[in-house]
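Trainee: Here is a sequence with its predicted model. Questions after.
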Amino acid sequence: MANGINDIFWELRNNPDLYYYLLPFLLIFTIIFAILEKTLIFGHSGDKKKPKTNINVIFALLVSAIVVIEQTTVELINTYLPGVSLIIVIGIFFMLITAMFSQEGWKGFPFWMGAIIALVAVFWSLSNSVYGGYTWGFLGIDREVIYTLLVIGAVVGVILAVVKGSRST
């Protein structure tokens, strides 16, 4: 029995075409199933408003299989999914950086300082950089201008923080 499981995992590992179709299938199935479970489109079973999971599973499997059959849809999903994943990760890090600097909730100077740092980090991470070399050619900005703007921004931020801190005492 263990030999059969090892053969299955070996086949999964050595067959990239399987991932090419399996990952979009699982993604579409998961999204459709979650939406059906949350919205109770097919009704509920019993008095406790529990979704009809068996119908939701069958429907999600059918729609996922129909979508994966179409080759161009699978290519589109596999082309754009890494970019969408990158945007989601950047959004989560944006919220984490902003929350890290904002101790008073989502307001005040620490929030704006965190938001500015997060925006700079997003632009820096999305630029065509290889080991720290920036290529911001589409904006006409070279490395020295970026460094100058960062230093000026840091100095202004420190001055504003000191002035605001001395005013409150």
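Mentor: Received the coordinates, thanks.

Trainee: how far does stretch 151-169 sit from the chain's center?
Mentor: Averaging C-alpha positions (Cα atoms, centre = their mean, to the nearest Å) puts stretch 151-169 33 Å from its chain's average.

Trainee: which stretches of the chain have low pLDDT?
Mentor: For the chain, the stretches flagged by pLDDT under 70 are 1-3, 47, 101-111, 122-143, 165-169.

Trainee: Need phi/psi at Lys50.
Mentor: Main-chain torsions, Lys50, degrees, to the nearest 10: phi -80, psi 140.

Trainee: Which residue is the nearest non-sequential neighbour of it?
Mentor: His44 (5.9 Å; Cβ to Cβ, 6 or more residues apart in numbering). Heads up, the C-betas are built off the backbone N, CA and C, glycines and all.

Trainee: List phi and psi for the one you found.
Mentor: According to degrees, to the nearest 10, His44 has phi -130, psi 160.

Trainee: That one: neighbour count?
Mentor: 11 (other Cβ atoms under 10 Å).

Trainee: Is it bridged to anything, and to what?
Mentor: Using DSSP bridges, the bridge partners assigned to His44 are Pro51.

Trainee: That one against Thr53, yeah?
Mentor: No - His44 lies out of contact with Thr53 (Cβ atoms under 8 Å); the separation is 10.4 Å.

Trainee: And the host helix or strand of Leu26, what does it pack against?
Mentor: Using DSSP states H and E, Leu26 falls within helix 16-39. If you count contacts as 3 or more Cβ pairs under 8 Å, 6 or more residues apart in numbering; DSSP states H and E, helix 16-39 packs onto helix 2-14, strand 50-51, helix 53-69, helix 71-101.

Trainee: if you set the cut-off to 7 Å instead, what comes out?
Mentor: helix 53-69, helix 71-101 (3 or more Cβ pairs under 7 Å, 6 or more residues apart in numbering; DSSP states H and E).

Trainee: Any idea which of these gets closest to Pro24?
Mentor: helix 71-101 (4.3 Å; Cβ to Cβ).

Trainee: chain center to the helix holding Leu26, what's the gap?
Mentor: Helix 16-39 sits 17 Å away from the centroid of its parent chain (Cα atoms, centre = their mean).

Trainee: got it, and stretch 55-65?
Mentor: 25 Å.

Trainee: so how far is Ile35 from the residue nearest to Lys38 when sequence neighbours are not counted?
Mentor: Closest residue to Lys38 apart from its sequence neighbours, by Cβ to Cβ, 6+ apart: Pro51 at 8.0 Å. When distance is defined by Cβ to Cβ, to the nearest Å, Pro51 is 11 Å away from Ile35.
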